[in-house]
Structure formats: structure tokens, C-alpha cells
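Chemist: next come a sequence and a model predicted from it.
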Amino acid sequence: AINNSQGIYYYYNAQNGHIENNLIENNSMYGINFGNGVDNTVVVKNIVRGNNIGMNLMANNLTVSENQVIGNNYGINPWGILNKIYKNNMIDNNIQSLDSGNSTGWDLNSIGNYWNDYDEVSEGCVDSDLNDICDSPYIIDADSRDDYTFTSQDGWNSGTIVCSLDSDCEIGFTEGEIYC
């Protein structure tokens, strides 16, 4: 999906989809554009680069994970409710993200995203406990934040395990990943 107005476009009731391992770049409007009713869709392991808006997500209950969102005018803009956006590398987007949605989860089970404009002390990322996660959240807007921002690209592969003890949490193991 290269050099079009829209790279991947799902609209109206295209539910339970799976978009994986695509190169989506240099589209004049959207890299990925989901309209209303494109609910319960998984977007994983894509390279979304050089688009006006990398991902425009007007859908609900999406899982957006392990994507490279690079050099777009706007990185990711979720509009729906209950979307889960974690384990993404957000790199050199003019505006990394907007959050026009409601109840967007920018981290899941203590795993957030990497933001290249928030990975150094001078940008506000301090990692005093050396767990590869910034001690303070990445602020997306007035009511949206990533509480478990990684200090390095693909930081979730660093081998560090982080569990929040202030919530109900069970430690488990699946597909080579430890989660809580």
C-alpha cells in the first residue's frame, strides 16, 4: 500500500479483521483508515511510514501492537472507545499522536510504547530504577497518557519484567512472553 491516497481502508462493519506485516507508506491521506463499525480488529507488525496520518482509527476495541509508526505528519489518532495501543515504536512523527477517542489504553499489563521524543532525561524520561521504563508517563493530551513508556526502541524485548503491584495481577507466560 504505497503512494495512494489511502493505504488500507476499512469502512462500515468490517469487524474482526487482522492486518499484519504490511509496508504502508507515502499515502497522501491515511496509511491505515478505519471507519465506524470496524470493531475488534487487530493491527500488528506493520511499517506505517511517510503518510499524512499514519493510522486514523474511528473504530472500537482495536488492538494496535508491534507497529513501526515512522515519519508521518500525525502518527496514530484513535477516535473510538476501548482501543488498546501498546508495543509500538513511535518515531519522528510531526505529531506523535492525537487521542480523539474515549478510554484508549496506551499501555496494557504494564507494557507501553516507545516514543522517540521522550527517551532521554532532557525530554523528561528518567529511569531511576533501571527497568527500561520512564518513571513518568508520556503525555499525549490532557486526558491521555502512556504510563509505561519504554526508554528504547523495541524496549519490550529487553527482558525486563514489570508488574504493577497496586492492581489485581497474575503472572503468566504465553508465546515466549511474560506478562502480568
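Modeler: Looks like it arrived, so ask away. Residues are numbered from 1 along each chain as shown.
Chemist: what's the local residue count around Asn72?
Modeler: Asn72 is flanked by 27 other residues according to other C-beta atoms under 10 Å. Heads up, the C-betas are built off the backbone N, CA and C, glycines and all.
Chemist: could we number from 38 for the rest of this?
Modeler: All set: I'll call the first residue 38, so the last point we hit is now Asn109.
Chemist: that's a strand at it, yeah?
Modeler: No. Assessed with DSSP: H, G, I helix; E, B strand; the rest coil, Asn109 is coil; it does not lie in a strand.
Chemist: now do the phi/psi pair for it.
Modeler: phi -90, psi 160 (degrees, to the nearest 10).
Chemist: for it, what are its contacts?
Modeler: By C-beta atoms under 8 Å, 6 or more residues apart in numbering, the contact list for Asn109 reads 68, 85-91, 130-131.
Chemist: where's it relative to Leu145, distance?
Modeler: Counting by C-beta to C-beta, to the nearest Å, the gap from Asn109 to Leu145 is 23 Å.
Chemist: could you give the bridge partners of the residue nearest the centre of the chain?
Modeler: For the chain, the residue lying nearest the average C-alpha position, counting by C-alpha atoms, centre = their mean, turns out to be Ile122 (3.9 Å). Under DSSP bridges, the beta-bridge partners of Ile122 are Val101.
Chemist: and the gap between it and Ser147?
Modeler: Ile122 is 15 Å from Ser147, where distance means C-beta to C-beta.
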